[in-house]
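Novice: got a predicted structure here, sequence first:
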Amino acid sequence: MFANHKRDAYGVYLILSGATALFFRLVFTVNMVYQVTTVDLNALQLVLVGTTLEITIFLFEIPTGIVADVYSRRLSIIIGMLLIGCGFVVEGLFPVFEAVLLAQVLWGLGYTFTSGATQAWIADEVGEDRAGDAFLAGSQAGRICGLVAIPLAVGLAALNIRLPIVLSGLLFWGLGLFLALAMPETGFTPTPPNERDSWRTMFQTFKAGWSLVRGSSVLLGFAVLSVFLGLYSEGLDRLWTAHVLEDYTLPNVEPVVFVGAIGAVSTLLSIGVTEVVRRRTDSTDQRALLRLLFALNAVMVASIFVFALAQPLSVAIVALWCFQTVRGTGWPLLQAWVTPHIESRVRATVFSMTGQIDAISQVAGGPFIGWIGTTASIRAAIVTSGIILSPVLAVFAYLLRQTQRALRPALE
């Protein structure tokens, strides 16, 4: 119906990456301040909001990933955009704890329709050789558009802190309509209609994806990484704003402006670092990617400890900038590293499996870290996050050794 409006997949991916980053940043620039100051959530409630989101992702990540592999990745992404929009509209319109929880269910479900499907879609459309470059270019587009969103969110919040949240939801609906008109899908072959015995096909796709993961040391390593990345992240993501607002004396500015400024600087740093990495790193060189990922994660661990324990606000903010910069740079590199190891027919399912592992790990780690933040201190909770993340360095070292052994016969 919309064939004449279809555009180049690479260009649509950059638009999708930039737009989603802009719309998410409109929310994330203000939502923690909104939840602390307007909804008046305590440390445990803040983490429970995130736990609700991650439980939703855990329950639906694999089913929606299989839908993308069996039916259509394009359709899955469009549905996701619409549901994410619903979640943010609900959160912005109703500033009560229960509505915030409902919003997490809605936008978390929407996220699962996009998670895995987006990576699988662009890898199929442009090919595995260009997928790594697409991931990094998309990350850059996201950084730039996210930077644009920060002053916009702060300005709207000055009028009403709920305004950027509701606006983001409406824009996600508009993005879904744009994708329905412009998004191509030529590299994916859906399961033929006469073979879609839905539950049997979904189970077979899941089984094929799980067999691939179980039989590959690389994908098993990726799954283990997802465990630790999930365990540490929920508590830190939910508590860093409260740490800044409650454990330090801020300059004479509004909290939303101060938090927005932190995000703006970290985004600028991420743009610069990611561009250097994109220009100097061969995304097809597995050993180079693993060495870089090891170094980036070492910086992340150190930065978390400094952020938690620093007494001067200036030192804590510099540590936070370091953490956010290398974290943003590391994710597209991790995707570029693992994508060639996943067969196209189960790619969305495998990404969704690891997304589900990440989600259940956040469910397991988040409340524990939130409990520490409530009963001990937020500083202690953030230190705990750093300790939990530390084992990823051993995992990356193991994966690098395995890669070097696998390549040694080819080099001799």
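Specialist: Yep, it's here.

Novice: isn't I55 up against V363?
Specialist: Yes: I55 is in contact with V363 according to C-beta atoms under 8 Å; the separation is 5.5 Å. C-beta coordinates here come from the backbone N, C-alpha and C atoms, glycine included.

Novice: closest to the centroid, which residue in this protein?
Specialist: W331 (7.9 Å; C-alpha atoms, centre = their mean).

Novice: low-confidence regions, the stretch 251-400 of the chain specifically.
Specialist: 344-349 (pLDDT under 70).

Novice: skipping adjacent residues, who's closest to N42 in space?
Specialist: T374 (6.8 Å; C-beta to C-beta, 6 or more residues apart in numbering).

Novice: mind listing what's buried in the host helix or strand of the one you found?
Specialist: Assigned by DSSP states H and E, T374 belongs to helix 347-375. Using 16 or more other C-beta atoms under 10 Å as the burial criterion, the residues of helix 347-375 that qualify are 347-363, 365-370, 372-374.

Novice: what does stretch 60-71 give?
Specialist: 60-71.

Novice: would you mark the buried spots in the one helix or strand A261 maps to?
Specialist: Assigned by DSSP H and E, A261 belongs to helix 255-280. Neighbour-count burial for helix 255-280, counted by 16+ other C-beta under 10 Å, picks out 255-271, 273-275, 277-278.

Novice: repeat that for stretch 317-324.
Specialist: Buried, per 16+ other C-beta under 10 Å, within stretch 317-324: 317-324.

Novice: what's the closest of these to L136?
Specialist: Q324 (17.4 Å; C-beta to C-beta).

Novice: what's near enough to touch the closest one?
Specialist: 266, 269-270 (C-beta atoms under 8 Å, 6 or more residues apart in numbering).

Novice: I'd like those residues as a markdown table, with distance to T20 appended.
Specialist: Shown next, in a markdown table, are the contacts of Q324 (distance: C-beta to C-beta, whole Å):
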| residue | distance to T20 |
| --- | --- |
| S266 | 18 |
| L269 | 21 |
| S270 | 16 |
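
Novice: and which of those residues is nearest to R379?
Specialist: S266 (20.5 Å).

Novice: ok, for the closest one, nearest residue in space, not its chain neighbours?
Specialist: Nearest to S266 is Q324, by C-beta to C-beta, 6+ apart, at 4.0 Å.

Novice: now swap in G187 and tell me
Specialist: Nearest residue to G187 in three dimensions, chain neighbours excluded: D124, at 3.5 Å (C-beta to C-beta, 6+ apart).

Novice: give the burial count for T249, as a bare number.
Specialist: Neighbours of T249 under the rule other C-beta atoms under 10 Å: 6.

Novice: which SS state does T284 fall under?
Specialist: coil (DSSP: H, G, I helix; E, B strand; the rest coil).

Novice: list the residues that contact it.
Specialist: 129, 132, 340.

Novice: what's the helix or strand for the residue nearest to G366 when sequence neighbours are not counted?
Specialist: In this structure, G366 finds its nearest non-sequential neighbour in E234, 3.3 Å apart by C-beta to C-beta, 6+ apart. Counting by DSSP H and E, the element that carries E234 is helix 217-247.

Novice: next, the buried residues of that helix.
Specialist: Counting neighbours by 16+ other C-beta under 10 Å, helix 217-247 gives 218-219, 221-245, 247 as buried.

Novice: how about stretch 25-45?
Specialist: 25-36, 39, 41, 43-45.

Novice: count the neighbours of V253 for me.
Specialist: Residues contacting V253 under the criterion other C-beta under 10 Å number 11.

Novice: name the nearest residue to it, ignoring sequence neighbours.
Specialist: Here the residue nearest V253, using C-beta to C-beta, 6+ apart, is A261, at 8.0 Å.

Novice: distance of the one you found from D69?
Specialist: Distance from A261 to D69, counting by C-beta to C-beta, to the nearest Å: 42 Å.

Novice: what do you get for F113?
Specialist: Counting by C-beta to C-beta, the gap from F113 to D69 is 12 Å.

Novice: okay, and the common contacts of these two?
Specialist: By C-beta under 8 Å, 6+ apart, no residue touches both F113 and D69.

Novice: assign E185 to helix, strand or coil.
Specialist: Secondary structure for E185, judged by three-state DSSP, is coil.

Novice: is it true that it touches A68?
Specialist: No: assessed by C-beta under 8 Å, E185 is found out of contact with A68, at 10.7 Å.

Novice: identify the contacts common to the two.
Specialist: Shared contacts of E185 and A68, counting by C-beta under 8 Å, 6+ apart, come down to W121.

Novice: L393 in helix, strand or coil?
Specialist: Using three-state DSSP, the secondary structure recorded for L393 is helix.

Novice: residue contacts, it?
Specialist: L393 neighbours (C-beta under 8 Å, 6+ apart): 294, 297-298, 301.

Novice: please enumerate the strands of the stretch 1-150 of the chain.
Specialist: Read by DSSP state E, counting those that start in this stretch, the stretch 1-150 of the chain holds no strands at all.

Novice: quick one: low-confidence ranges for it?
Specialist: Along the stretch 1-150 of the chain, the parts satisfying pLDDT under 70 run over 1-7.

Novice: same thing but 80
Specialist: 1-7, 43, 58, 61-71, 116, 127-132 (pLDDT under 80).

Novice: next one: the residue nearest to S266 from W331, what distance?
Specialist: 12 Å.

Novice: list the buried residues in the helix or strand that contains L290.
Specialist: Per DSSP H and E, L290 falls inside helix 286-309. Buried residues in helix 286-309, counted by 16+ other C-beta under 10 Å: 286, 289-294, 296-297, 299-308.

Novice: phi, psi for the closest residue to T38 other than its chain neighbours please.
Specialist: Using C-beta to C-beta, 6+ apart and skipping the chain neighbours, the partner closest in space to T38 is P95 (5.1 Å). Reported as degrees, to the nearest 10, the phi and psi values for P95 are phi -80, psi 60.

Novice: list the contacts of P95.
Specialist: Applying C-beta under 8 Å, 6+ apart, the residues near P95 are 34, 38-39, 162.

Novice: what is the burial count for the residue nearest to G187?
Specialist: 21.

Novice: before we move on, what about the one 5 residues further on?
Specialist: Using other C-beta under 10 Å, D129 is surrounded by 11 other residues.

Novice: look up how far L179 lies from it.
Specialist: D129 sits 25 Å away from L179, going by C-beta to C-beta.
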